[in-house]
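Enquirer: return a 3D structure for these sequence lines:
(chains A, B, C and D)
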Number of protein chains: 4
Amino acid sequence: MIKVGVVGGTGYTGVELLRLLARHPQVQLAAITSRGDAGTRVDAMFPSLRGWVDLAFVTPQQAHLEGCDLVFFATPNGIAMQQARELVDAGVRVIDLAADFRIRDVIEWQKWYGMEHAAPELVAEAVYGLPEVNRERIRGARVLANPGCYPTAVQLGFLPLVESGLVDLGNLVADAKSGVSGAGRKAEVHTLFAEAGDSFKAYGVPGHRHLPEIRQGLANVAGGAVGLTFVPHLVPMIRGIHATLYARLNKDVDLQALYEARYRDEPFVDVMPASSHPETRSVRASNVCRIAVHRPQGGEVAVVLSVIDNLVKGAAGQAVQNMNIMFGYDEKAGLDIVPVSP
Amino acid sequence: MIKVGVVGGTGYTGVELLRLLARHPQVQLAAITSRGDAGTRVDAMFPSLRGWVDLAFVTPQQAHLEGCDLVFFATPNGIAMQQARELVDAGVRVIDLAADFRIRDVIEWQKWYGMEHAAPELVAEAVYGLPEVNRERIRGARVLANPGCYPTAVQLGFLPLVESGLVDLGNLVADAKSGVSGAGRKAEVHTLFAEAGDSFKAYGVPGHRHLPEIRQGLANVAGGAVGLTFVPHLVPMIRGIHATLYARLNKDVDLQALYEARYRDEPFVDVMPASSHPETRSVRASNVCRIAVHRPQGGEVAVVLSVIDNLVKGAAGQAVQNMNIMFGYDEKAGLDIVPVSP
Amino acid sequence: MIKVGVVGGTGYTGVELLRLLARHPQVQLAAITSRGDAGTRVDAMFPSLRGWVDLAFVTPQQAHLEGCDLVFFATPNGIAMQQARELVDAGVRVIDLAADFRIRDVIEWQKWYGMEHAAPELVAEAVYGLPEVNRERIRGARVLANPGCYPTAVQLGFLPLVESGLVDLGNLVADAKSGVSGAGRKAEVHTLFAEAGDSFKAYGVPGHRHLPEIRQGLANVAGGAVGLTFVPHLVPMIRGIHATLYARLNKDVDLQALYEARYRDEPFVDVMPASSHPETRSVRASNVCRIAVHRPQGGEVAVVLSVIDNLVKGAAGQAVQNMNIMFGYDEKAGLDIVPVSP
Amino acid sequence: MIKVGVVGGTGYTGVELLRLLARHPQVQLAAITSRGDAGTRVDAMFPSLRGWVDLAFVTPQQAHLEGCDLVFFATPNGIAMQQARELVDAGVRVIDLAADFRIRDVIEWQKWYGMEHAAPELVAEAVYGLPEVNRERIRGARVLANPGCYPTAVQLGFLPLVESGLVDLGNLVADAKSGVSGAGRKAEVHTLFAEAGDSFKAYGVPGHRHLPEIRQGLANVAGGAVGLTFVPHLVPMIRGIHATLYARLNKDVDLQALYEARYRDEPFVDVMPASSHPETRSVRASNVCRIAVHRPQGGEVAVVLSVIDNLVKGAAGQAVQNMNIMFGYDEKAGLDIVPVSP
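Expert: As a prediction, this is how the structure comes out:
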């Protein structure tokens, strides 16, 4: 049993983390902070947690986070980098669900995120928490950078192709689609129901912050730079990411066998039978990534379909998975959830 | 541990039942029948169940249901009444999620359901499975009639008022709204996405089959007939029922205290704080009914808001709750699910 | 041809007004004001208007509204009451799509709207713009109060019953449901897609600002106070209001004939055939109100179903209809739109 | 004024055609056929047309289509090819909204559509009705093949690049997304609200019938075969197609200028300002195709975003546009519709 704190519990990744931690057999939720909502009961803001979370939001000062074994940051970008140092020095392990520790090149990070980095030395030590690539290093992490939602879906989809050197690395395309919860629980016009509903659009085509994160991850396994075009889109649904990936094969290969072998032992990656088209709802509320591989008309182009729940495998669920690895628990503890469909 | 069979597992109540039973600690899923899809793996039809249900649909003949402790009927109306007799005689207990055993007056039932009843003697013995009213009788039931979705939301909302004789029983109004999954997983035009989406309508105003069921339930606790106007509506959402109930108070009363007292010990009825407006998503995927009570401008009209997930407390979840009661298990076993929100 | 100005064109009623005025044969759009967005092209904010509205937003100072024949206020409550005086004195007629001139009892208005009224004398002269009741007085109006969305749907639904004295006026129930655009184009959390999507809730049960407006309208035709319970709900759809109305008949009547006679000459009220259930999408983007009347099981309760597009007959379309009446145009000019379905 | 008949008016393209034709100043709707629904009033099936279409469905025999100037086929594939011959011989011009005359290679057509072609000689004479490519030939057409929805969005997006030889023609990617109305008004499980709602998926990755149509169109303007990967997806919205197109530039070019020049005189293609991201709702209910062009990070990949309303520019609207061209009317007649947004 570990004592866990959550910094910033009022957004969607925060409430999703609470949904998962509330049932985790080895977790004692010690404190949930929110400057703006301190004093408010958590279940008054999120009635879905009535009977499950018997806490009120507290200020960071009231939270005594240094007494926790682990602190999750479910905060906007730029917060964890300011507060993690002190916690780490106090022996508290940290999982950041935002982007502060994801990009190893601090200059690059600063360019995309538009602020100076407050803790470059923690970036150097942080472990990128994609268990399917980094499981061993995650075990010992003091600072864990939980991957972005798009980067999780896109990397898991491309990994077998890129690791094996089977595709033209200069010409990858990731056409990705996300439900609106990916934009967070912020009051903004463009994500209102009457704006985002019954409509579809691309956004960030000139450049999206998840592009450098995906490129870094693929380059690491490729052993060199990759050429990637990444276009995100907004789907009128609440949860879910669907990444459609295109790569040019440079030799003949049994894609189905390749993917099944790569993910055979992964508890949260499900390679679908040949000819499948995974739906985002098939993973709703669960930590699973489902992948299908195609080679239309037997040609040279591999098409990979990869779906996750952006709030679970794309955020809070992967964070819990990482926590389980870090503390030696069963990797599936607290994540034994049957997807909710329909 | 009991052996459980499911007849008709290809509709929404069927797949929802499988979602819940797959994680139930005392259930061994023995067989799932479907004439039309025998031979198909369950998880090929419902990929959300991959890794959770390792069975294929079988014909009723192959299922050996007589060897089960309990059989759920998740079939259209008119099936359970033909097959239950044989099972009951073999010592198998039966829970029917359809309407075959809900209405005690067989003539009335035949009028609303348009067919002759095949087993009136089982109607006489069947127990109506609303645990908040009938818990003791449910324990010993051999044939259990699982309530309809609207009747569950409406009865739980009206019960404290009707039991206490505080309202004009001749003039009750239930304006109820349901998500589209309530119409089932049948290929029909009116529930297509492009028909039911981004629109709202009433239906069945001249008369809906759940009306006699609700009237019967309320009359039982009122000790006499009630006058009820019931209007169902179709909401462009997948899951959820919201019942807005209107009744004229005939004496002064603290509604909040009345409801809290009535449901204090109920594990699946949550009386919200005063002035609340429960949202259907606050119970999504869970077995909870949340209720709020109002008295606008302190007047004589009580307005009760009652929400459930139509596929859980309104169908499969309540069926599992009834199973737990029938077999002496913890009433919450297999139903420890945090609602999925957003 | 008249010169028309629009104050506050950046909300949903504003853009809808522009959609309608852009095609109106007798309207020259002279100016559209927005303090916050002055200088921005209208079609940069609303690409749907590309090729239709060749204007930029201007400040009120730049707009020279005193040179217009008519000015629409598509502003939040409390703006028109401050600016109308000057325009009226300059001979400009005013249509306010907000609530400033709807309630004749200024004290009552101040209670519900939480501010002091800046122009009580204009309230006294203002005409309530429900053409089906007030057509003659609308012709000469200098200040027109365009009705609210709920009040339009509810009043049109109740009118024939209330005018004829056929129902118990002390016990009316209006259970109303609105699409999310009714909440306006404001950045707020509760109307985000991930909050309002795939869910349903009531709101404002203790008291909603449209209640006094509806009560005033019904009392006017009833010739005395009415007892009304009004409960609004939020539907996960963009446009549309569905009002389900309940009233107790105090004598026998052919409801279908009553309604058909009452609305025979109304260009924008469509009484559906007996046994109909109008869908909100059947009026999407059009100025029509469709009504169906029922008497379930031939009992004493009349159930009326009334649907409108909240942005058209519930706002901008009714404003254009009123403009047409005020300026002697064909009442249907600019409103010859076939509803968009699906 | 021409006399127009519609064969098969009960699907979405049919009702949309009626919406447009009802307001067309030069069209007299003579007959609408439906074998299954003969005798039913059109506005009983589609209440949105009440007051606009005063006809009942008739059988083909009752319709006397040979007396029409023009007949639209809004039928499933395989119908028009059986009936067009007789009409053409009678001097009636034909526009087929299905696929019977779209593919010039009859063998190829038979492979993709799984039936023998009944009128290959009409395929030879038929004109492919994409006005932006074929306007002159459309004028004289006796048999017009109205393009598919995906092919319209994809071809209009790729045309300027492919015509100008600026891209690697062997490696085009079209990742396309459609609203659910694209699947038609057929009772099927996979397009139910509870199946297609709040979810996203690809389909037809191994091969979709619109692939050969797009390849044919692009090859015609390229002057040789093109290598295209086409992946369609289902979006939980009613109307709209968004095509995201990827091509590798083989020389430097000002994409914005190229597109603006290409479409300068096209009434229904709107090239958005640089850096735009068109939303499908910006064309809802209108015949416009909006296009934006990007070159992420100034690299070698062109990304084109192309949106249409699948039922209008992707079906009925384009058919009316073609009719206007064929009969010498203003190309915009009957299509002067401001998009409905929100």
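Enquirer: enumerate the residues of chain A near chain B.
Expert: Contact residues, chain A versus chain B (Cβ under 8 Å from any Cβ of the partner chain): A:12, A:15, A:19, A:22-23, A:44, A:46-52, A:181, A:185, A:197-198, A:238-239, A:270, A:272-273, A:276, A:278-279, A:281-286, A:288, A:290, A:336, A:338-342. All C-beta spots, glycine's among them, are computed from the backbone N, C-alpha and C.
Enquirer: among the residues you listed, name the ones in strands.
Expert: A:270, A:290 (DSSP state E).
Enquirer: please pick the buried ones from the residues of chain A next to chain B.
Expert: A:12, A:15, A:19, A:22-23, A:46-50, A:52, A:181, A:185, A:197-198, A:238-239, A:270, A:272, A:276, A:278-279, A:281-286, A:288, A:290, A:338-342 (16 or more other Cβ atoms under 10 Å in any protein chain shown).
Enquirer: which residues of the stretch 101-250 of chain A fall in strands?
Expert: A:127-128, A:143-145, A:172-179, A:201-202, A:228-235, A:241-248 (DSSP state E, counting those that start in this stretch).
Enquirer: in a markdown table: these, plus mean neighbour count and distance to residue C:265.
Expert: As requested, the strands of the stretch 101-250 of chain A are arranged in a markdown table below (neighbours: other Cβ atoms under 10 Å in any protein chain shown; distance: least, Cβ to Cβ, whole Å):
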| stretch | mean neighbour count | distance to residue C:265 |
| --- | --- | --- |
| strand A:127-128 | 22 | 72 |
| strand A:143-145 | 26 | 70 |
| strand A:172-179 | 27 | 48 |
| strand A:201-202 | 24 | 44 |
| strand A:228-235 | 24 | 46 |
| strand A:241-248 | 25 | 53 |
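Enquirer: columns distance to chain D and mean pLDDT on top of the ones you listed, output as CSV?
Expert: CSV is the format used below for these (distance: least, Cβ to the nearest Cβ, whole Å; pLDDT from 0 to 100):
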stretch, distance to chain D, mean pLDDT
strand A:127-128, 23, 98
strand A:143-145, 24, 98
strand A:172-179, 4, 98
strand A:201-202, 4, 98
strand A:228-235, 5, 98
strand A:241-248, 5, 98
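Enquirer: next, the angle strand A:172-179 makes with the longest helix along chain A.
Expert: Secondary structure of chain A per DSSP state H: the longest helix is helix A:149-163. Helix A:149-163 and strand A:172-179 are oriented at 150 degrees to each other (axes from the mean of the first three to the mean of the last three Cα atoms, to 10 degrees).
Enquirer: in helix A:149-163, which residues are buried?
Expert: A:149-163.
Enquirer: from these, which is closest to chain B?
Expert: Proximity of the buried residues of helix A:149-163 to chain B (Cβ to the nearest Cβ) peaks at residue A:149, which lies at 14.4 Å.
Enquirer: what pLDDT does that closest one get?
Expert: The model reports residue A:149 with a pLDDT of 98.
Enquirer: these two touch, right, it and residue A:318?
Expert: No. If you go by Cβ atoms under 8 Å, residue A:149 and residue A:318 don't touch, sitting 9.1 Å apart.
Enquirer: quick one: the helices in the stretch 1-150 of chain A?
Expert: A:12-21, A:42-45, A:60-63, A:80-89, A:106-113, A:120-125, A:131-139, A:149-163 (DSSP state H, counting those that start in this stretch).
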